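Colleague: Build me a model from this:
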Amino acid sequence: MQQEDLEKLQLLGKRIKTLRKSKKYTLTELCYKNGLEPSTLSRIEQALVEPKYLTLLKIAAAFNMSVSELLEI
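Modeller: Okay, here's the model as predicted:
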């Protein structure tokens, strides 16, 4: 993975974690809302994996926002 891609993944992970904490959700609580495993969400927040589009849809839906809003496009 190129450095630029890693930086983008890190920004996404930080954004998701910031949103989660601003809503006062634990990893488990957010995962209950979107059907993901807490370990998966944790790895996304840590930029250890690239989330699939459907995963981004689930995360965005848990925050009542679109994927573009989640990605800040």
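
Colleague: wouldn't residue 27 be in contact with residue 40 here?
Modeller: No - applying C-beta atoms under 8 Å as the test, residue 27 and residue 40 come out as separate, 9.6 Å apart. For the C-beta atoms, the positions are set from N, CA and C on the backbone; glycine is no exception.

Colleague: Residue 64 in helix, strand or coil?
Modeller: coil (DSSP: H, G, I helix; E, B strand; the rest coil).

Colleague: buried set for stretch 18-28?
Modeller: For stretch 18-28, a neighbour-count test (16 or more other C-beta atoms under 10 Å) marks 19, 20, 25, 27 as buried.

Colleague: Show the residue spans covered by the helices in the protein.
Modeller: Ranges of helices in the chain, per DSSP state H, are 3-22, 27-34, 38-45, 53-62, 67-71.

Colleague: returning to that earlier point: I'd like the buried residues of stretch 18-28 as JSON lines, with distance to residue 36 and pLDDT appended.
Modeller: Listed next are the buried residues of stretch 18-28 as JSON lines, based on distance: C-beta to C-beta, whole Å; pLDDT from 0 to 100:
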{"residue": "19", "distance to residue 36": "14", "pLDDT": "96"}
{"residue": "20", "distance to residue 36": "12", "pLDDT": "95"}
{"residue": "25", "distance to residue 36": "12", "pLDDT": "94"}
{"residue": "27", "distance to residue 36": "9", "pLDDT": "93"}
